[in-house]
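> sequence and predicted structure below; questions after.
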Amino acid sequence: VVTGGNSGIGFEAARGLLSLGAEVVLACRSAVRALAARERLLQEVPGGTVRIAMLDLASNTAIDTFAEEIGKRYAKIDIFIHSAGVYYPRDTHTADGLPMTVGVNYHGTVRVAEAVLPLMDSTGKMIFSIPSQCMVSLSMVLWLEGTDLATYDTTYPGNNIELRLEFCTVTHNDPDPENW
């Protein structure tokens, strides 16, 4: 599964996975752009399998619907690549009232990551295309919920994304191995 798979890093990741024989799911908010990307990928990698799943990271309801639909379609996700992202002026907000950039790039990313973790096992890979996105996302969600990282372990023992992420490998594209 590749969020933002219709363009940029997401499209290139989808193309790479498809060329290796993977079934690819483009998780996109625009059906028109997702269909165009799907057609382009299939032209470039004939015989591949590319599916589309609608995902709007600016809406908790859309994220929950996406996770439910993916769970119905697939018993297991092998690789989940987070490459969707936006930048909007601060006066633009998500459906849930968050500033759009924060809501999509951080809150939405963590929400969808948590939602799909039950579909991943110890061999699964969750990849964040922005090096600091995982920690910043965690920090933002905790801030929005009134908790800080210093009290995180004791405050969220039953809802600990770090503990759940131990069940799959989390990586990012930072070229410096010391930051992995």
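Noted; the coordinates are in hand. The model shown is predicted, which means the values in this text are computed figures rather than measured ones.
> if I look at the spatially most central residue of the chain, how far off is residue 128?
Among the residues of the chain, the one closest to the centroid is residue 82, at 3.5 Å (C-alpha atoms, centre = their mean). To residue 128, residue 82 is 5 Å away according to C-beta to C-beta, to the nearest Å. Any C-beta I mention is one placed from the backbone N, CA and C, and that applies to glycine too.
> okay, and the common contacts of these two?
Here residue 82 and residue 128 have residue 109 as joint contacts, going by C-beta atoms under 8 Å, 6 or more residues apart in numbering.
> ok, the residue nearest to the centre of the chain - contacts?
So residue 82 contacts 3, 109, 112-113, 126-130, 133 (C-beta under 8 Å, 6+ apart).
> next one: residue 23
Applying C-beta under 8 Å, 6+ apart, the residues near residue 23 are 49-51.
> out of those, which is most surrounded?
Using other C-beta atoms under 10 Å as the neighbour criterion, residue 50 leads those with 24 neighbours.
> low-confidence ranges, the chain, go.
Applying pLDDT under 70 to the chain flags residues 130-180.
> compute the number of surrounding residues for residue 121.
That count, for residue 121 with other C-beta under 10 Å as the rule, works out to 12.
> residue 93 too?
Residue 93 has 14 nearby residues by other C-beta under 10 Å.
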